[in-house]
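Asks: Below is the structure, and that's it, no one-letter string:
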């Protein structure tokens, strides 16, 4: 029998500045701290304060485990998978190290999971800026649903795959061998999509906000949505290919555009506003073009007028022309408003 109701699995790396606030938000959960397990998996931090705190938590709290990897992986997938293998709980949730939960987050998610015998409970979240808090909006407009299959409501594909506001039945993940992609990005998209297809009961609470996602954009302290270098964009492509392979292997290609369209718009917009060289852009475009082609064959222009000019060169495998169109789009004055919009949707 599981020892805890919920395990919180947290990959860390030089997280010291944020760990106390995160830990406090777990300690004072209305579900009861005694019902919660925290598993930190550290990715070779070289910050002494981070290591001090992780060892301190592990030593002083019976329900805290701090695990230290021998080699730096650079991505959260490995830490999340290790944490899942160590969890001694009914349900698990995967958090980032630099955010916080609202006080009743786990109680709400756990109660809905038990009531509905759910494999997955999904909630909404706040985006926290230096001077304001913003509720993330979705196409559900506050509607809550319970489905036995994703076919019951394919709007679920439009939900931000951000993993930290989703509670999973641990045995469901283990029995279906659902794991995060390692050493690449879009690992949350892959994990979420596989879980949606495998789940026999998914609860979505669009009007419940459980997580505070802090948006930082200053030098040396940037949220992931503000990092747009070649490595970041390339590792996202690797994750997209793995998700595409899952769809191919399971005859789910009819859902391809529903799943990918929003993410491709986000990726292209990120490429547009990046400051990487044209040669690097060409390399990235060549790596993702086959995936984009599948999408524009279904939805020309990615449902966005500003991107309609990309359809033809993508279908023709004309990477130079695609790059020229992308560079032309970058000159539009509205592009920064566009990236803000997609970042809000993608997280």
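Replies: Looks like it arrived, so ask away. This is a predicted model, so every value here is computed, not measured. Numbers count the residues shown, from 1 in each chain.

Asks: So for residue 191, what's the nearest residue that isn't a sequence neighbour?
Replies: residue 180 (5.2 Å; CB to CB, 6 or more residues apart in numbering). Using the backbone N, CA and C atoms, a C-beta is placed for each residue, glycine as well.

Asks: Spell out which residues make up each domain of the protein.
Replies: 4-218, 227-346 (automatic domain parsing).

Asks: quick one, what contacts the residue nearest to residue 191?
Replies: Listed by CB atoms under 8 Å, 6 or more residues apart in numbering, the contact set of residue 180 reads 76-78, 80-81, 187-188, 190-191.

Asks: Now tabulate those residues in TSV and tack on distance to residue 118.
Replies: Formatted as TSV, these follow (distance: CB to CB, whole Å):
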residue	distance to residue 118
76	24
77	24
78	27
80	20
81	22
187	22
188	19
190	21
191	17
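
Asks: I believe residue 211 is in a helix; please confirm or correct that.
Replies: No: applying DSSP: H, G, I helix; E, B strand; the rest coil, one finds residue 211 to be strand, outside a helix.

Asks: show me the contacts for it.
Replies: Contacts of residue 211 (CB under 8 Å, 6+ apart): 99-102, 105, 123, 125-126, 164-165.

Asks: With residue 65 instead?
Replies: Taking CB under 8 Å, 6+ apart, one finds 37-40, 58, 86 in contact with residue 65.

Asks: Please repeat the previous calculation with a cut-off of 7 Å.
Replies: For residue 65, the contact set (CB atoms under 7 Å, 6 or more residues apart in numbering) comprises 39-40, 58, 86.

Asks: And residue 103, by the same measure?
Replies: So residue 103 contacts 28-30 (CB under 7 Å, 6+ apart).

Asks: can you put the residues you listed in a markdown table and add pLDDT, neighbour count and secondary structure?
Replies: Listed next are the contacts of residue 103 as a markdown table, based on pLDDT from 0 to 100; neighbours: other CB atoms under 10 Å; DSSP: H, G, I helix; E, B strand; the rest coil:
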| residue | pLDDT | neighbour count | secondary structure |
| --- | --- | --- | --- |
| 28 | 97 | 11 | coil |
| 29 | 98 | 20 | coil |
| 30 | 98 | 12 | coil |
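
Asks: closest to residue 270 among these?
Replies: Nearest to residue 270 among those is residue 29, at 34.2 Å by CB to CB.

Asks: Just the element for residue 182, please.
Replies: Residue 182 belongs to no helix or strand when elements are defined using DSSP states H and E.

Asks: again with residue 9
Replies: Assigned by DSSP H and E, residue 9 falls in strand 4-12.

Asks: Where do the helices of this structure begin and end?
Replies: 16-27, 48-60, 77-86, 105-116, 170-175, 187-198, 230-249, 256-273, 278-296, 311-315, 319-329, 335-346 (DSSP state H).
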